[in-house]
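>>> this one's structure only:
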């Protein structure tokens, strides 16, 4: 729990992001408790819609400039001249661990100057702590910022960010003040790759909901049975499994409606699957506003080695 007035920086890929409402809820709660939050967005905003709860936080958000912008060049040159050992040491630390993976090396090299700029800004603002959501590039940025500024960092590991690659995972776990896994499954996964010695540092912290914002209805007030699924329309979310299961349930005489809210690359395939199964009871709608709920669809294993992060 943060102390009132504590200055904390959050590192994310993009803010706001309508599929990462857990980040938004966490930041809003810290602000409510009196923390001074700065949000560092590694990419510019590109979503179609904005959660209304995120609008008040836009003034707290710092977006990274273009890679070859003057602001980035000035910040990196200043760091190199003022603290050459620290700057080159951080670069060498990453290069020594990534040179065998050209793709990751190039992506991290593009990330490094952004992290240097953020490190300078956070030092000037007197930020006391850095937290990153996702163990891949946001945590890498937090690691670099920490090495350049001396500000301690923590990060939250979710799913694809640890399952798809672990090149720097052990280094980030070792450098972080604490690591949060969203499930016991994820914690075991991290310890299997980073060693049981990290056990005291890695703890489980579930993504929660503010149930006070979700008023419940009495059983008698609820109409027909409706299945609601919210998420990105992509293979790992398992919406195709939901649609096929709905077809089986219909054939067995079950009466219900199913509403899928979301958008993504698999939208066309899912609509064709609904049509092919003759499921008039399923409706797929693009979100026009963000609902004040969170609904999890269990992920499915795919060839790209994505595993579910949800089992506790």
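Happy to help now that I have it. In this text the structure is predicted, and so the values were computed from the model without any measurement. Residues are numbered from 1 along each chain as shown.
>>> What backbone torsions are found at residue 266?
In terms of degrees, to the nearest 10, the main-chain angles of residue 266 are phi -100, psi 10.
>>> just checking, what's the longest helix in the protein?
helix 102-125 (DSSP state H).
>>> which parts of it are buried?
By neighbour count on 16 or more other C-beta atoms under 10 Å, the buried set for helix 102-125 is 104-105, 108, 111-122. (Glycine included, C-beta is placed from N, CA and C.)
>>> Would you tell me which one of those residues comes nearest to residue 191?
residue 104 (22.5 Å; C-beta to C-beta).
>>> Check what pLDDT the residue nearest to the closest one when sequence neighbours are not counted gets.
Closest residue in space to residue 104, ignoring its immediate chain neighbours: residue 98 at 5.2 Å, by C-beta to C-beta, 6 or more residues apart in numbering. Looking at residue 98, its pLDDT reads 95.
>>> got a list of what residue 98 touches?
Counting by C-beta atoms under 8 Å, 6 or more residues apart in numbering, residue 98 makes contact with 104, 105, 108, 167, 168.
>>> Please report how far it lies from residue 246.
Residue 98 sits at a distance of 45 Å from residue 246 (criterion: C-beta to C-beta, to the nearest Å).
>>> Likewise for residue 32?
39 Å.
>>> Compare those two (neighbour count), which wins?
residue 246 (21 against 8; other C-beta atoms under 10 Å).
>>> Return the residues in contact with residue 28.
53, 57.
>>> can you start the count at 363 instead of 1 from here on
Okay, residue one is now 363; in that scheme the one you just asked about reads as residue 390.
>>> What distance do you get for it to residue 473?
From residue 390 to residue 473 the distance is 27 Å (C-beta to C-beta).
>>> Kindly report the same for residue 518.
Separation of residue 518 from residue 473 (C-beta to C-beta): 18 Å.
>>> got the buried residues for stretch 623-632?
Here stretch 623-632 shows 623, 624, 625, 628, 629, 632 as buried, counting by 16+ other C-beta under 10 Å.
>>> nearest to residue 370, of the residues you listed?
Using C-beta to C-beta, the buried residues of stretch 623-632 come closest to residue 370 at residue 624, 30.5 Å.
>>> Surely that closest one and residue 632 touch.
No: in this structure, residue 624 is not within contact of residue 632 by C-beta atoms under 8 Å, at 9.5 Å.
>>> low pLDDT regions in this structure?
Across the chain, the ranges flagged by pLDDT under 70 are 363-365, 578-586, 649-674.
>>> Please, where are all the helices along it?
Counting by DSSP H, the helices of the chain are 383-394, 432-444, 446-460, 464-487, 499-511, 522-525, 531-537, 546-556, 601-613, 629-638.
>>> Pick the most deeply packed of those helices.
With neighbours taken as mean count of other C-beta atoms under 10 Å, those reach their highest mean count in helix 499-511, at a mean of 26.
>>> Mind listing residues that contact it?
Under C-beta under 8 Å, 6+ apart, the answer for helix 499-511 is 371, 373-375, 402, 404, 441, 445, 448-449, 451-452, 455-456, 469-470, 473-474, 476-478, 480-482, 484-485, 492-494, 513-515, 517, 519, 523, 530, 533-534, 537-538.
>>> Same check on stretch 472-485?
371, 373, 400, 402, 404, 424, 426-427, 429, 433-435, 437-438, 440-441, 449, 452-453, 456, 492, 499, 502-503, 506-507, 510-511, 513.
>>> re earlier: could I get the contacts of residue 460 as JSON lines with distance to residue 645?
JSON lines is the format used below for the contacts of residue 460 (distance: C-beta to C-beta, whole Å):
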{"residue": "466", "distance to residue 645": "41"}
{"residue": "467", "distance to residue 645": "45"}
{"residue": "470", "distance to residue 645": "43"}
{"residue": "529", "distance to residue 645": "42"}
{"residue": "530", "distance to residue 645": "43"}
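>>> Show me the two of those residues that sit farthest apart.
Maximum distance among the contacts of residue 460 (C-beta to C-beta): 10.9 Å, for 467 and 530.
>>> how does this protein divide into domains?
Annotated domains of the chain cover 369-566, 578-647 [automatic domain parsing].
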